[in-house]
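Trainee: test case, fold it:
(one chain, ligands or ions: 1)
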Amino acid sequence: MFTQTKFMMKKMFCFFVVQIFGLTLFGQEITYWQQRADYEMQIDVDDAKFQYDGKMKLAYTNNSPDTMDKVYFHVYYNAFQPGSAMDHRLSNVKDPDSRMMVKDENGIAKSRIALLGKEDIGYQKINSIKQNGKDLKHKIIGTILEVTLAEVLKPGQKANFDLEWKAQVPEIIRRGGKNTKEGVDFSMTQWYPKMAHYDEFGWHLDEYIGREFVAPFGNFDVKIKIQKDYVIGASGKLMNPDNVKGYSLKGTAKSSTLNAKEKIIWHFEAENIHDFAWAADKEFVVTQQKVSNGPDVYFVRMNDDTLAKTWQDSETPTVKFFEYMSKHFGKYPWSTYTVVQGGDGGMEYGTVTLITGKRNFESLVGVIYHEIAHSWFQHMFAINETVDEWMDEGFTSYAEHLAYLEIFNKPIEPNPNYSAYEGYFDLVKSGVEEPMSLLADYYDYNYSYGVQAYVKGQVYLIQLEYIIGKENLKRTFLRFYDEWKFKHPTPNDFRRTAEKVSGLNLKWYENLFVNTTRTVDYAVANVSSNSIELKNLSNFPMPIDLLVEYSDGSKELFYIPNLELRGEKLSEEFDLYKGAKRSVLEPWKWTNPDYSVKISKEVKKVIIDPTLRLADINYSNNSYTK
Ligand SMILES: [Zn+2]
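Mentor: Presented below is the predicted three-dimensional model:
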């Protein structure tokens, strides 16, 4: 695999910060590093056979402190063959994705992959791979290509690889493939041999079973040669709009002079992304919007009257979405974004998404918002989805929902997405919850994976807001952007940012909420003339906001930090708290299940967290009314 070498540094003055190999070194300490993969690809498509020949020049830079003697690539298309790991997974997971199944004559659901014929399977076959001109030994097992280097790659060195391969585009079973249900010919995702990810945790060589991704950042220069009637929507910027169909009047005129069999080249460039995707169809039409102080946004859809209006109506809300996201989560850094009809649902790639297009307005805007939000939480912050899928999907769902409420003038409750809490509580009750820190592929149930990734990940954020306060969460996102854009942050990195912004310790929260399935349950145990007795019925400590309404009509908000915080959140503004005096009490020690709040007036009503942001699994014991 690779050999670990000690990264030897001559002693430096500690006041000196130096950039070497892209690493920030302070004294002898390596703070952060990431690999880089810059691609140049030329693709020649045979649209009749749904095959293509590919050539790649890949510059791979080893910024790690390790010497490498092997590298790995993903060859995802190989998953779409009978007997693949993805096929087995479909046959054995308790609740397979219905898109990937077909019912036999007895009504029994079977893996569609198992039934694929020779012309409909997918493959990526490597003809040759060279390092600096030398042929390399390589082997493919499943969807991973293992390559033994001719020359070891030392820290800071760059290797130039030349790959030639042949691929067949599979029938669409998951995300990419040929002939979608909506009639799109080519949905080209996971379509090229992609350099695997190597970081401080080692290689990420997950067999493709239809789920998550991670990859190093790089620049892409992609030339696609295809029969002249096709229109392409892709990652990055189209470099030759006048020579192709769809993107300018000149382009349309020119291509019509070619004969039917003739091919033209589409040239795209994308900077600093970690996955390149495209789709092509002869019926595609293109429209364009411009976000002020932001990207050019392209909409590429089938020329179909039944969807033209909803797609046109979604353009302005999409522009507004970029404005909202840039304001709250940091400026969108690329010059383009393209929404393309294709695939089997909605999936995010570098500066592009493939979505199914036959939807009502709400659903179309919803999926566009979700996938664009991934430009932050997945692409710019390139979270390792194979490990921390909840951070990528949960944060995306959180941002998408807040933006939707604001853009469409919906009321914003203190807990803006209580329905996420309800989904999480249902999962807890189902008994099949597994810790969120589980590797994304390994959940026993797709249901449990889905709720944890999309829903519990959102609860994590809204509950974090409850712990550190509204203003601090907003500032955390903007600081996170400054510190982590174009990098691969982990949950720990986000937690550390929140700690630095709030001055509060959050190790306990991340550990208990992410790495375990523990739940929170606090209760109002007793109210007397001089005290309110609270109880922690769970093994999960939390700070408590306790709103008390006295019989004389006055209100008091008691704030009880938990000991672990080693500090206090500042007051938050909610209508619910208007007119209430705020009193900060002594910290509640996690070792003691009981806590007493002294009072001096008669109490009418007591409630633990009326904002409903505390994910307390039993609300029935959270309040008292005289
Ligand atoms: Zn998503």
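Trainee: for the protein, give me the ranges with low pLDDT.
Mentor: Along the chain, the model assigns pLDDT under 70 to residues 1-30, 249-260.
Trainee: and the longest helix along it, what other elements does it pack with?
Mentor: In the chain, taking DSSP state H as the definition, the longest helix is helix 385-407. The contact analysis (3 or more Cβ pairs under 8 Å, 6 or more residues apart in numbering; DSSP states H and E) places helix 385-407 against helix 315-329, helix 361-373, helix 457-468, helix 491-502. All C-beta spots, glycine's among them, are computed from the backbone N, C-alpha and C.
Trainee: for the last one, name the packing helices and strands.
Mentor: Think helix 491-502. Packing partners of helix 491-502 (3+ Cβ pairs under 8 Å, 6+ apart): helix 385-407, helix 457-468, helix 470-484, helix 507-515.
Trainee: now for the ones you listed, which one comes closest to residue 77?
Mentor: helix 385-407 (18.6 Å; Cβ to Cβ).
Trainee: so after the closest one, what's the next helix or strand?
Mentor: Per DSSP states H and E, the first helix or strand lying C-terminal to helix 385-407 is helix 418-430.
Trainee: returning to what we had before: make JSON lines out of the helices and strands packed on helix 491-502 and add mean neighbour count and distance to residue 55.
Mentor: Output for these, formatted as JSON lines (neighbours: other Cβ atoms under 10 Å; distance: least, Cβ to Cβ, whole Å):
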{"stretch": "helix 385-407", "mean neighbour count": "23", "distance to residue 55": "28"}
{"stretch": "helix 457-468", "mean neighbour count": "24", "distance to residue 55": "39"}
{"stretch": "helix 470-484", "mean neighbour count": "17", "distance to residue 55": "34"}
{"stretch": "helix 507-515", "mean neighbour count": "18", "distance to residue 55": "43"}
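Trainee: need those helices in TSV with distance to residue 584, can you?
Mentor: TSV is the format used below for the helices and strands packed on helix 491-502 (distance: least, Cβ to Cβ, whole Å):
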stretch	distance to residue 584
helix 385-407	28
helix 457-468	15
helix 470-484	16
helix 507-515	19
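Trainee: so which of those comes closest to residue 574?
Mentor: Per Cβ to Cβ, nearest to residue 574 of the helices and strands packed on helix 491-502: helix 470-484, 8.6 Å.
Trainee: what's the spacing between that closest one and its chain's center?
Mentor: How far helix 470-484 lies from its chain's middle: 17 Å, per Cα atoms, centre = their mean, to the nearest Å.
Trainee: who does that helix touch, helix- and strand-wise?
Mentor: Applying 3+ Cβ pairs under 8 Å, 6+ apart, one finds that helix 470-484 contacts helix 315-329, helix 457-468, helix 491-502.
Trainee: buried ones in the first one?
Mentor: What it means is helix 315-329. Buried residues in helix 315-329, counted by 16 or more other Cβ atoms under 10 Å: 317, 318, 319, 321, 322, 323, 324, 325, 326, 328, 329.
Trainee: give me the contacts around that helix.
Mentor: Contact partners of helix 315-329, identified using Cβ atoms under 8 Å, 6 or more residues apart in numbering, comprise 287, 289-295, 297, 299, 332, 337, 339, 365, 368-369, 372-373, 375-376, 399, 402-403, 406-408, 474, 477-478, 481.
Trainee: ok, of those, which come out buried?
Mentor: Neighbour counting by 16+ other Cβ under 10 Å classes 289, 291, 294-295, 297, 299, 332, 337, 339, 365, 368-369, 372-373, 375-376, 399, 402-403, 406-407, 477, 481 among the contacts of helix 315-329 as buried.
Trainee: surely residue 436 touches residue 514?
Mentor: Yes - at 4.9 Å, residue 436 counts as touching residue 514 under the criterion of Cβ atoms under 8 Å.
Trainee: element containing residue 600, please.
Mentor: Using DSSP H and E, no helix or strand contains residue 600.
Trainee: for the buried residues of helix 315-329, which one is nearest residue 266?
Mentor: If you rank the buried residues of helix 315-329 by distance to residue 266 using Cβ to Cβ, residue 318 comes first, at 23.4 Å.
Trainee: surely residue 605 is in a strand?
Mentor: Yes - counting by DSSP: H, G, I helix; E, B strand; the rest coil, residue 605 is part of a strand.
Trainee: partners of it in the sheet?
Mentor: Note on residue 605: beta-bridge partners by DSSP bridges are residue 549, residue 625.
Trainee: gap between it and residue 560?
Mentor: Distance, residue 605 to residue 560, using Cβ to Cβ, to the nearest Å: 18 Å.
Trainee: shouldn't residue 376 be within a helix?
Mentor: Yes - remark: residue 376 belongs to a helix, assigned using three-state DSSP.
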